[in-house]
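[1] Please work out how this folds:
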Amino acid sequence: MSTRQQADPAKTRDAVVAVAQWLRDATRPAPDRADLAAAVRLTARTLASLAPGASVEVRIPPFVAVQCVSGPKHTRGTPPNVVETDPRTWLLLATGLQTITEAKASGALTLSGARAGEIESWLPIVSLSC
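    Numbering: from 1, shown residues only. Below you'll find the model as predicted:
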């Protein structure tokens, strides 16, 4: 994360609050791309700082991919432990508005590898008051 935007807690919370109404109500218009990208990137980078390491890769296309969770480091080819989802699902997970079990059951989240589910220990990243 040396040249990328650091995951500042206040900025992360502000970015999530900017898209919170859409997260709570999918019938609302989607936030603009820049606001959505900021919320996704900052929450993913916060996860990477909370769970440092490189044994799990979290992918939220088209915005970000981060490596996290201590353990064996992946260096080449397809990582053995991958979490992948869309931006809205990621933000629902990051805010605690959806669980990993719910997202996986709906097909919106894929977990591959024995350690991928370990990210659940660090969720939610930003709690939204109801």
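[2] would you say residue 83 is within a helix?
    No. Residue 83: not assigned to a helix; according to DSSP: H, G, I helix; E, B strand; the rest coil it is strand.
[3] For it, which residues are in contact?
    Residue 83 is in contact with 56-59, 109-111, 116, 119, counting by CB atoms under 8 Å, 6 or more residues apart in numbering. Every C-beta, even on glycine, is put in place using the N, C-alpha and C of the backbone.
[4] What of residue 35?
    If you count contacts by CB under 8 Å, 6+ apart, residue 35 has them with 15, 18-19.
[5] of the contacts of residue 83, buried ones?
    By neighbour count, with 16 or more other CB atoms under 10 Å, the contacts of residue 83 hold 56-59, 109, 111, 116, 119 as buried.
[6] Residue 64 and residue 45 touch, don't they?
    Yes. Residue 64 is in contact with residue 45 according to CB atoms under 8 Å; the separation is 7.4 Å.
[7] Report the residue spans of this protein with pLDDT below the cut-off.
    Across the chain, the ranges flagged by pLDDT under 70 are 1-6, 74-75, 129-130.
[8] again, only using 50
    1-3 (pLDDT under 50).
[9] Can you point out the buried residues in the top helix by length along the chain?
    In the chain, with assignment by DSSP state H, the single longest helix is helix 33-50. Using 16+ other CB under 10 Å as the test for burial, helix 33-50 gives 36-49.
[10] Let me know the closest of the contacts of residue 35 to residue 128.
    Among the contacts of residue 35, residue 19 lies closest to residue 128 (CB to CB), at 10.1 Å.
[11] Next, work out how far apart the closest one and residue 48 are.
    20 Å (CB to CB, to the nearest Å).
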